[in-house]
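Student: Next input, structure requested:
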Amino acid sequence: MDKQTVLTQERYDELLEQLKKLRTIGRDDIAEKLRVARSYGDLSENAEYNETMDEQAKMEAQISKLEEELRNVTILDETSVTTDVVHVGVYVKAKDLVYGDIETFQILGTGRLEDGVLLDTSPLGKALLGKGVGEIAEFYSPTGNGKILRYEVLEITK
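Tutor: Residues are numbered from 1 along each chain as shown. Model (predicted):
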C-alpha cells in the first residue's frame, strides 16, 4: 500500500496546476523542439536532438512523480487543524538550540524546503510531530555525522 501524503488544498491545487502545465505546455514545447531538431538531419549525430530527448525523459519522470503523489493524497481539513501540538498542516516556529537559528516551517506531506515546507517524513519533521510549545524535538542529523540536533517549539499557528 502506498503512503498517503497529507496536503493542504492550496498545495494540492499548486501541484495539480504544475502537472497540468507539464502535460500541456511542457509536452508541446518538447514536441516543437524535437520537430526542429529532426529537421537538422542525421539523428545519430544530432546533439540538439539528443539533449531534447534527455529533457523529455526528465519531464516525463517529473510528470510520473507528480501523478503518483497526487494519486495518494489526503486533503487536510484545515478547519479541524488545532495548534495545541505540531501536526501536518500547521506552521511551526522553532529555535535550533545547537546553532541558535529561528526558523518557521509548514509541516506537510510533500513540498520543497525552499518554500518553507518541512516534510512530515523528514528527520526534523518526525521529531516535531506531537510536540507542543516549549517542548524540545531531538533527532540525529543525517548530514551531521550522527550529531543530535535539538529544536525548541516556540509557536504553532494555522
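Student: what sits up against the helix ranked longest in the chain?
Tutor: Using DSSP state H to assign secondary structure, the helix with the most residues in the chain is helix 47-71. Residues outside helix 47-71 that contact it (CB atoms under 8 Å, 6 or more residues apart in numbering) are 2, 5, 12, 15-16, 18-19, 22-23, 26-27, 30, 33-34, 36-38, 40, 43, 110. For the C-beta atoms, the positions are set from N, CA and C on the backbone; glycine is no exception.
Student: Make a ChimeraX selection of the buried ones in the residues you listed.
Tutor: Buried residues within the contacts of helix 47-71, by 16 or more other CB atoms under 10 Å, are selected in ChimeraX with:
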select :5,12,15,19,22,26,30,33,34,37,110
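Student: What about the contacts of helix 47-71, which are in helices?
Tutor: 12, 15-16, 18-19, 27, 30, 33-34, 36-38.
Student: Let's see the longest strand belonging to the chain as PDB, backbone CA atoms only.
Tutor: Taking DSSP state E as the criterion, the chain has its longest strand at strand 148-157. Extracted in PDB, the C-alpha atoms of strand 148-157 (Å, rounded to 0.1, in the frame of the first residue of the first chain):
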ATOM      1  CA  ILE A 148      22.000  15.100  17.800                       C
ATOM      2  CA  LEU A 149      20.100  18.300  16.900                       C
ATOM      3  CA  ARG A 150      17.600  19.900  19.200                       C
ATOM      4  CA  TYR A 151      14.800  22.300  18.300                       C
ATOM      5  CA  GLU A 152      12.500  24.100  20.800                       C
ATOM      6  CA  VAL A 153       9.000  24.700  19.600                       C
ATOM      7  CA  LEU A 154       8.300  28.400  20.000                       C
ATOM      8  CA  GLU A 155       5.000  28.800  18.300                       C
ATOM      9  CA  ILE A 156       2.300  26.800  16.400                       C
ATOM     10  CA  THR A 157      -0.100  28.600  14.100                       C
END
